[in-house]
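Engineer: Sequence isn't available, so here's the structure alone:
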């Protein structure tokens with residue numbers, strides 16, 4: 001009699017001027033976008049299944065099952081992460097084909113929102129398009145293979161040991177109902193008094209679900225800045241676009257008539273939700289009031305060092321910078337090398353310098369090789385600034401302030417040291433073997449730049465329960481950071497045991513990273529009896 005198992009759990013202050021938008025939708029393509037044909041993180045496997053990923057080629061991705069016990073299931077699941085609280089799965093589409101069942105009747109099933117939405121026997125069929133609509137509010141999807149008891153206590157085996165279920169591509173249509181947001185962060189446009197000439201404005205727009213797609217900055221009804229982020233939206237993950245965008249723009253106030261204007265942001269997210277946000281600030285334009293004297297002062301200033309960089313007219317300042325927990329230096333793994341740094345710019349008497357542009361640059365520990373951090377940040381009304389470093393190698397980050405825009409050298413600088421441990425990803429195939437058989441370990445270094453001669457990677461392993469990490473091999477990466485190694489199990493006795501693998505990358509000449517441990521993988525080995 002055929003049974004169905006229960007669905008396994010997947011490991012998983014602004015004024016709005018326009019009414020909240022209705023829920024929008026956007027696609028999340030798995031193994032479909034070119035040329036990367038990306039498969040997002042977050043897929044997990046359970047039971048006797050493994051997930052294979054050949055999205056970089058022409059096959060796709062899906063389930064590999066060597067053998068499945070009768071009256072059991074194995075599959076893969078994915079769920080909307082808690083960091084995307086307003087996203088639900090509205091529709092699922094895929095191109096799917098399956099292997100032939102052997103010995104025992106088996107079924108491929110889809111679950112979503114606690115319901116089964118697809119159920120069909122594995123008889124070697126292929127479908128060009130399968131579409132299902134889960135119940136409203138669904139935030140998870142599971143695809144599994146169920147081995148029934150129709151032919152008695154007989155396990156399921158399949159005509160293709162490596163590809164039991166093949167998804168050439170899969171697309172989730174996601175729904176999101178929350179509006180994006182925006183806020184003004186600083187800049188001379190927000191300084192007190194009438195503003196004239198060209199002023200700066202820093203802002204941040206955010207959407208924690210589908211991501212920010214576009215922003216228009218407006219004074220009254222006039223658009224003074226327009227940003228379209230569509231080119232950076234890849235639609236291959238739960239957030240189609242980046243969830244936060246920060247920009248600094250120059251506003252030519254001479255294009256507006258003198259008067260007072262509310263500062264507003266028109267923001268749209270990747271799902272099509274759009275809203276107008278009042279920043280809560282009113283900007284007064286007073287170009288006529290500046291008069292010829294002000295113009296003459298600006299001309300004289302320009303003849304020297306240019307316009308003053310920030311509020312006030314100080315020729316000296318106090319510039320501070322710090323990393324997390326007020327540290328000036330820290331060591332972090334590569335995966336956490338995007339570190340928040342912050343600080344403050346003030347006059348020597350403590351008066352904040354608002355709207356000042358600070359230059360940010362970095363130099364790696366390799367002489368002559370610039371670091372990944374480059375750009376500008378603008379201080380807010382209290383002279384404070386914050387910025388996040390880019391993921392990358394060990395380096396020194398420098399923040400500098402020029403008192404006047406045309407100064408050739410910095411009036412004040414400060415340095416931070418960020419040391420980064422090397423990281424790597426690694427996978428093992430197959431995930432289940434018998435004693436005496438080989439597995440292949442393959443992986444890639446996470447951090448660039450990769451030396452042309454490669455990097456030595458030490459491979460270590462140990463039983464999951466007990467035992468110490470032991471080195472069993474060393475390999476060298478290719479120029480693209482990829483590596484591979486074959487290992488054969490020879491001394492596993494008794495029942496099935498799980499073994500863990502990891503990489504160790506020592507500090508090496510030409511590779512600007514500290515020693516690091518990363519790239520864990522596991523394999524189940526059935527021993528001799």
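Structural biologist: Cool, the structure landed. If you're wondering where the values come from, they're calculated on a predicted model, not measured in any experiment.

Engineer: List the residue ranges of the stretch 51-200 of the chain that fall below the pLDDT cut-off.
Structural biologist: For the stretch 51-200 of the chain, the stretches with pLDDT under 70 are 56-58.

Engineer: again, 50 this time
Structural biologist: Residues of the stretch 51-200 of the chain that meet the criterion pLDDT under 50 are absent altogether.

Engineer: Which stretches in it count as strands?
Structural biologist: Remark: strands assigned in the stretch 51-200 of the chain by DSSP state E, counting those that start in this stretch are 60-64, 72-79, 87-98, 101-102, 106-112, 115-121, 126-132, 140-147, 157-158, 165-176, 181-186, 198-206.

Engineer: Using JSON lines, lay out the ones you listed together with distance to residue 401.
Structural biologist: Using the backbone N, CA and C atoms, a C-beta is placed for each residue, glycine as well. Rendered in JSON lines, the data for the strands of the stretch 51-200 of the chain read as follows (distance: least, CB to CB, whole Å):
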{"stretch": "strand 60-64", "distance to residue 401": "50"}
{"stretch": "strand 72-79", "distance to residue 401": "46"}
{"stretch": "strand 87-98", "distance to residue 401": "41"}
{"stretch": "strand 101-102", "distance to residue 401": "70"}
{"stretch": "strand 106-112", "distance to residue 401": "54"}
{"stretch": "strand 115-121", "distance to residue 401": "58"}
{"stretch": "strand 126-132", "distance to residue 401": "57"}
{"stretch": "strand 140-147", "distance to residue 401": "49"}
{"stretch": "strand 157-158", "distance to residue 401": "66"}
{"stretch": "strand 165-176", "distance to residue 401": "40"}
{"stretch": "strand 181-186", "distance to residue 401": "14"}
{"stretch": "strand 198-206", "distance to residue 401": "14"}
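
Engineer: a markdown table for the ones you listed, including mean neighbour count and distance to residue 265?
Structural biologist: Converted to a markdown table, those look like this (neighbours: other CB atoms under 10 Å; distance: least, CB to CB, whole Å):
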| stretch | mean neighbour count | distance to residue 265 |
| --- | --- | --- |
| strand 60-64 | 25 | 39 |
| strand 72-79 | 22 | 32 |
| strand 87-98 | 21 | 23 |
| strand 101-102 | 19 | 57 |
| strand 106-112 | 23 | 36 |
| strand 115-121 | 14 | 40 |
| strand 126-132 | 11 | 37 |
| strand 140-147 | 24 | 34 |
| strand 157-158 | 22 | 55 |
| strand 165-176 | 22 | 19 |
| strand 181-186 | 22 | 4 |
| strand 198-206 | 21 | 7 |
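
Engineer: which one of the ones you listed lies closest to residue 453?
Structural biologist: Ranking the strands of the stretch 51-200 of the chain by distance to residue 453, with CB to CB as the measure, places strand 60-64 first at 33.1 Å.

Engineer: And the contacts of the closest one?
Structural biologist: 30-31, 39, 45, 49-55, 74-76, 95-96, 143-145, 161-169, 430-431 (CB atoms under 8 Å, 6 or more residues apart in numbering).

Engineer: quick one: terminal-to-terminal distance for stretch 133-147?
Structural biologist: Taking CA to CA, to the nearest Å, the span from the opening residue of stretch 133-147 to its closing residue is 25 Å.

Engineer: Quick check: end-to-end length of stretch 355-368?
Structural biologist: With CA to CA, one end of stretch 355-368 sits 32 Å from the other.

Engineer: buried ones in it?
Structural biologist: Using 16 or more other CB atoms under 10 Å as the test for burial, stretch 355-368 gives 355-358, 360-366.

Engineer: out of everything not next to it in sequence, what's closest to the residue nearest the centre of the chain?
Structural biologist: Centroid-nearest residue in the chain, with CA atoms, centre = their mean: residue 242, separated by 7.9 Å. Spatially, and ignoring its direct neighbours in sequence, residue 242 is nearest to residue 211 (5.4 Å; CB to CB, 6 or more residues apart in numbering).

Engineer: Mind listing what's buried along the helix or strand hosting residue 268?
Structural biologist: Secondary structure assigned from DSSP states H and E places residue 268 in strand 259-269. Applying a neighbour-count criterion of 16+ other CB under 10 Å, one finds 261-269 buried in strand 259-269.

Engineer: you'd agree the residue nearest to the centre of the chain is up against residue 230?
Structural biologist: No: with contact defined as CB atoms under 8 Å, residue 242 does not count as touching residue 230 (11.3 Å).

Engineer: mind checking the end-to-end distance for stretch 59-73?
Structural biologist: Per CA to CA, the first residue of stretch 59-73 is 24 Å away from its last.

Engineer: For the closest residue to residue 331 other than its chain neighbours, list the residues it contacts.
Structural biologist: Spatial nearest neighbour of residue 331, excluding adjacent residues (CB to CB, 6+ apart): residue 419 at 4.4 Å. By CB under 8 Å, 6+ apart, the residues touching residue 419 are 329-332, 394, 514.
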